[in-house]
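[1] Mind folding the following:
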Amino acid sequence: MSHHLAPALIGAATLAPCGVFGVGYVTMATAGVVAMRRGGFHSSSDALLVAWIGMAAFAVYGVALIVAARSDWLRTSSARRTRIGAQ
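    The predicted structure follows:
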């Protein structure tokens, strides 16, 4: 594994699980299974809307980092193997 993938892998390892589990929690809050406190928002529905936006963004960005890191990993490892085999 190349060292230039470390930031993407660290970001993916933190953002993707947080976003995916967060989406699960927000889904349960939307269904009324768990309560969503309103916090600093005017209503709990405002808090729920912000939670949906944030968790969806974390999940999408985290999964995109996983896909990009995996793609780069495969591309650079095959190029490295080709270079080694040509020598």
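
[2] what mean pLDDT does whichever helix in the chain runs longest have?
    If you go by DSSP state H, the chain has its longest helix at helix 44-86. Per-residue pLDDT values across helix 44-86 average out to 83.

[3] Just say helix, strand or coil for Leu9.
    Counting by DSSP: H, G, I helix; E, B strand; the rest coil, the backbone at Leu9 sits in helix.

[4] Repeat that for Ala16.
    Under three-state DSSP, Ala16 comes out as helix.

[5] how much space is there between Phe41 and Arg70?
    To Arg70, Phe41 is 37 Å away according to Cβ to Cβ, to the nearest Å. Quick note: C-beta positions are derived from backbone N, CA and C, even for glycine.

[6] Nearest to the spatial middle of the chain, which residue is it?
    Gly62 (1.9 Å; Cα atoms, centre = their mean).

[7] List the residues that contact it.
    Neighbour list for Gly62: Gly11, Ala12, Thr14, Leu15, Ala16, Pro17, Cys18, Gly19, Val20 [criterion: Cβ atoms under 8 Å, 6 or more residues apart in numbering].

[8] Before we move on, what's the pLDDT of the first one?
    If you check Gly11, the pLDDT there is 86.

[9] and it, how many neighbours?
    Gly11: 17 surrounding residues under other Cβ atoms under 10 Å.

[10] Tell me the secondary structure of the closest residue in space to Val50 that isn't next to it in sequence, please.
    In space, Val50 comes closest to Phe41 once its chain neighbours are excluded; the distance is 6.8 Å by Cβ to Cβ, 6 or more residues apart in numbering. Recorded secondary structure, Phe41: coil (three-state DSSP).

[11] what's the burial count for Phe41?
    15.

[12] Return the distance of it relative to Leu48.
    From Phe41 to Leu48 the distance is 9 Å (Cβ to Cβ).

[13] Run the chain-centre distance for the longest helix of the chain.
    Distance of helix 44-86 from the chain centroid (Cα atoms, centre = their mean, to the nearest Å) equals 7 Å.

[14] still on that earlier bit, please list only the buried members of the contacts of Gly62.
    Gly11, Ala12, Leu15, Ala16, Gly19 (16 or more other Cβ atoms under 10 Å).

[15] residue contacts, the residue nearest to the first one when sequence neighbours are not counted?
    Leaving aside its chain neighbours, Gly11 sits nearest to Leu65 (5.0 Å; criterion: Cβ to Cβ, 6+ apart). Leu65 makes contact with Ala8, Leu9, Gly11, Ala12, Leu15, Ala16 under the criterion Cβ under 8 Å, 6+ apart.
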